[in-house]
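Colleague: Could you work out the structure for the sequence below:
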Amino acid sequence: MKHVLVSLVLMGALQCGAGEIVALTETPVAEFALPDGSVLTNAYVWRRSSQGLMVMHDGGSYFLNFKLLPDDWKAVYLDPPAEDQPIVAQPAEPEAKAKPVQDRYGVAAVLAEIPDLDVAARELLLGAASTGALDAKILLLGVLQNLLADNRAEAKRFVLFLEEKEYELDEVDRDLLFRPCANCGGDGRLNKTCTTCNGSGKCPRCDGVGTRKSSFDDSRMHCTTCRGTGVCSKCKGDGGFSPPCLECKGAGKVVNLQYCEILRDRIVREVNAVASPDRWVAVTSSASSHIDKVLSKIPNLKEPARAFYLSEEYGGGMDTNLVVVCLMHSLLEEDFQEAERFNRMLDVLFREAEVLDAGKYLKPCGNCAATGWIQRDCRSCGGSGKCSRCEGSGERTLEIDGSKVHCTTCRGSGKCTRCQGKGVIQFVCQSCKGRGRVLERQRTEIKLGLLVDRLNEFHDER
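Modeller: Numbering: from 1, shown residues only. Model (predicted):
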């Protein structure tokens, strides 16, 4: 909401006498020059705090700290009047009624759910939404928060806004917003073998013939199980089922919660910094960063230094070191899920800088050729993939009379039940535990020690 601020000053006009100083109020100024030569278009004062002014303009927002005002401006606008100067009473102006904020994108409820978003930042975003400023950040927060809440329909609504307004979001890697569903392998459906016919599609009672031998004589009679069709009554001859995957709801992909959470928290810190420039905006300010949990376990990190990096006294400066320290410690603890989180944080938070080459600390596993799996011939079938009892025929011969009967071991499929006819057995490589890479432990320990020493030094030097 825009507030009426009479005679508030934005540094950047010509340095001139007190009577000629240009004041910026709620009425937009077409072009307003700043000291560095840049120009704000359609600028107006949106909010005043004890520290300075928040100015909105076509390009976003600009904060002016009162401490940076020239001395003659301070004398005119900040200093109280001298005792020998009479104070002329001004007639009280009627209090302006608050203008209701227009929630253009229906984002108010979403912003209220975002953790670590300051009240001042929320008000800033709502006020900016009514004027069209900060649109990209507002809409992106709407997308991310709804994805994290598994509300894809609402997330899509914000995506359509972004597309129709033709915003180029270089900070977002759209390929990382979702990941293939591990439950269905990205297919969206689960392929399950029919346990009744063991995948053959044939009726197990008549072996697909449609008739079966009578128990009294050698005559053939109608198979009542399949009603003479010879088809498995459970899978209808398909040999299996393909139900939709419940985890991804048939989409084949799920939200990458880790990436969306890190990206959302970065935008939250940026908006908090704009709304409250004196606020603590270091990477450790977000509880979802998990840095506080890992720092408590770092060996040789002094307790005063640990407390300092987790306090509001720390305002940044060692953020990259803190994230890498947590990454190295997570690798040594073999907590690879946390290590992946911190590696993703480096990519998202410091995307313009090459902070760490993770390949130096993880090398390909030689035991499984970096596949994560070990493959061996099936011992049951000797690698043939055939049922060892019926030798792949699906039938076996009775020793009493030489007649053929249904093989109960493979249920007539002829396939080895252990390897499902593949001839090989796959199991997780124990050397890398299925990851395909192993840790360079000595190098990682050295890197962690050097970083901890630097963190202790930085604390001692402050």
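Colleague: what helix or strand is Asn321 on?
Modeller: Element membership for Asn321 (DSSP states H and E) is helix 319-332.
Colleague: and that helix, what does it pack onto?
Modeller: Where contact means 3 or more Cβ pairs under 8 Å, 6 or more residues apart in numbering; DSSP states H and E, helix 319-332 is packed against helix 291-295, helix 336-349, helix 441-461. Every residue, glycine included, has its C-beta placed from N, CA and C.
Colleague: For the second one, name the packing helices and strands.
Modeller: Which is helix 336-349. For helix 336-349, the packing partners by 3+ Cβ pairs under 8 Å, 6+ apart are helix 257-275, helix 319-332.
Colleague: Do you know the pLDDT at Cys260?
Modeller: The confidence metric pLDDT takes the value 92 at Cys260.
Colleague: Hmm, it is touching Asp150, no?
Modeller: No - using Cβ atoms under 8 Å, Cys260 is not in contact with Asp150; the gap is 10.9 Å.
Colleague: Name the residue in these two with the higher neighbour count.
Modeller: More crowded of Cys260 and Asp150, by other Cβ atoms under 10 Å: Cys260, with 21 against 11.
Colleague: Tell me how far that one lies from Thr27.
Modeller: According to Cβ to Cβ, to the nearest Å, Cys260 and Thr27 sit 40 Å apart.
Colleague: again, but for Ile400
Modeller: Using Cβ to Cβ, Ile400 is found at 106 Å from Thr27.
Colleague: So if I had to pick from these two, which one is more boxed in?
Modeller: Set side by side, Ile400 and Thr27 show more neighbours around Thr27, with 10 against 6, by other Cβ under 10 Å.
Colleague: Correct me if wrong: that one contacts Tyr44.
Modeller: Yes - between Thr27 and Tyr44 there is a contact at 6.3 Å, judged by Cβ under 8 Å.
Colleague: thinking again about what came up before, buried residues in the helix holding Asn321?
Modeller: By neighbour count on 16 or more other Cβ atoms under 10 Å, the buried set for helix 319-332 is 319-332.
Colleague: just stretch 174-185 next, same as before
Modeller: Leu176, Leu177, Phe178, Arg179, Cys181, Cys184.
Colleague: In strands only, show me those residues.
Modeller: Members of those lying in strands (criterion: DSSP state E): Phe178, Arg179.
Colleague: wait, which of the buried residues of stretch 174-185 is closest to Gly106?
Modeller: Nearest to Gly106 among the buried residues of stretch 174-185 is Leu177, at 21.0 Å by Cβ to Cβ.
Colleague: and of the buried residues of helix 319-332, the nearest to Val424?
Modeller: Distances from Val424 to those, taken by Cβ to Cβ, are shortest for Leu331, at 32.1 Å.
Colleague: What distance do you get for that closest one to Val281?
Modeller: For Leu331, the distance to Val281 equals 28 Å [Cβ to Cβ].
Colleague: circling back to that earlier point, output the helices and strands packed on helix 319-332 as CSV; include the columns distance to Ala275.
Modeller: CSV is the format used below for these (distance: least, Cβ to Cβ, whole Å):
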stretch, distance to Ala275
helix 291-295, 23
helix 336-349, 19
helix 441-461, 28
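Colleague: Out of the ones you listed, the one nearest Leu190 is which?
Modeller: Nearest of those (Cβ to Cβ): helix 336-349, 24.5 Å.
Colleague: Please state the offset of the closest one from the chain centre?
Modeller: Distance, stretch centre to chain centre, for helix 336-349: 10 Å (Cα atoms, centre = their mean, to the nearest Å).
Colleague: Give me the mean pLDDT for it.
Modeller: When pLDDT is averaged over helix 336-349, the result is 89.
Colleague: Show me the shaky parts of this structure.
Modeller: Within the chain, the stretches with pLDDT under 70 are 1-26, 32-38, 45-55, 57-102, 129-133, 215-218, 279-280, 352-353.
Colleague: quick one, domains of it?
Modeller: As given by automatic domain parsing, the domain ranges for the chain are 18-77, 282-349+441-461.
Colleague: can you give me how far the last one is from the chain middle?
Modeller: In this case it means domain 282-349+441-461. Between the centre of domain 282-349+441-461 and the centre of its chain there are 20 Å (Cα atoms, centre = their mean).
Colleague: Equivalent analysis for stretch 435-450, please.
Modeller: Remark: stretch 435-450 is offset 26 Å from the chain centroid, using Cα atoms, centre = their mean.
Colleague: Could you write out the alpha-carbon coordinates of it in PDB?
Modeller: Extracted in PDB, the C-alpha atoms of stretch 435-450 (Å, rounded to 0.1, in the frame of the first residue of the first chain):
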ATOM      1  CA  ARG A 435      25.700 -44.900  -6.300                       C
ATOM      2  CA  GLY A 436      28.400 -45.700  -8.900                       C
ATOM      3  CA  ARG A 437      30.900 -43.500  -7.200                       C
ATOM      4  CA  VAL A 438      33.100 -43.800  -4.200                       C
ATOM      5  CA  LEU A 439      34.500 -41.100  -1.900                       C
ATOM      6  CA  GLU A 440      38.100 -39.900  -2.000                       C
ATOM      7  CA  ARG A 441      38.100 -39.900   1.900                       C
ATOM      8  CA  GLN A 442      41.600 -38.500   2.500                       C
ATOM      9  CA  ARG A 443      41.200 -35.600   0.100                       C
ATOM     10  CA  THR A 444      37.800 -34.800   1.600                       C
ATOM     11  CA  GLU A 445      39.100 -34.800   5.100                       C
ATOM     12  CA  ILE A 446      41.900 -32.400   4.100                       C
ATOM     13  CA  LYS A 447      39.500 -30.100   2.400                       C
ATOM     14  CA  LEU A 448      37.200 -30.100   5.500                       C
ATOM     15  CA  GLY A 449      40.100 -29.300   7.800                       C
ATOM     16  CA  LEU A 450      41.300 -26.400   5.700                       C
END
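Colleague: Having no further points to raise, I will conclude here.
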